[in-house]
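> Provided below are the primary sequence and the corresponding predicted coordinates.
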Amino acid sequence: MPYYTVNKNAQTSSGDHEVHDLASTMGCLPAPLNRLDLGYHATCSGAVQAARSYYRDVDGCYHCAYACHTG
Ligand SMILES: [Zn+2]
């Protein structure tokens, strides 16, 4: 089951906090300092839901959580 993390910093363009799969090798992960652990989730939608308890604007990463990427 993938382990997800959310960027503590919002994207400058969209204002979204992006959710990433920690196993990603796409070079999209935030610096360790800027990661907030979301724990294990079967799907990215579970991780996005968990991230919403921290941040209002959440989006899946285009590279590693594409199914949850809404733009
Ligand atoms: Zn990513």
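Good, I have the coordinates.

> The protein against the ion: which residues are in contact?
Within reach of the ion by Cβ under 5 Å from the ion, the chain has these residues: His20, Ser24, Cys28, Cys61, His63, Cys64. Every C-beta, even on glycine, is put in place using the N, C-alpha and C of the backbone.

> ok, of those residues, which one's closest to Arg35?
Arg35 lies nearest to His20 out of the residues of the chain next to the ion, by Cβ to Cβ, at 8.0 Å.

> closest to Tyr40 among the residues of the chain next to the ion?
Distance to Tyr40, by Cβ to Cβ, is smallest for His20 among the residues of the chain next to the ion, at 13.7 Å.

> Count the neighbours of Val19 for me.
Here the number of neighbours of Val19 (other Cβ atoms under 10 Å) works out to 30.

> swap in Tyr54?
Residues contacting Tyr54 under the criterion other Cβ under 10 Å number 12.

> which ones are touching it?
Val6, His17, Leu36 (Cβ atoms under 8 Å, 6 or more residues apart in numbering).

> ok, now Asn9?
By Cβ under 8 Å, 6+ apart, the contact list for Asn9 reads His17, Pro30, Asn34.

> ditto for Ala50
Going by Cβ under 8 Å, 6+ apart, Ala50 touches Tyr4, Leu38, Gly39, His41.

> all helices in the protein, in order from the N-terminus.
44-51 (DSSP state H).

> And the residue of it closest to the ion?
Taking Cβ to the ion, the ion has its nearest neighbour within the chain at Cys61, 2.9 Å off.

> quick one: that residue and His69, what's the gap?
Distance, Cys61 to His69, by Cβ to Cβ, to the nearest Å: 7 Å.
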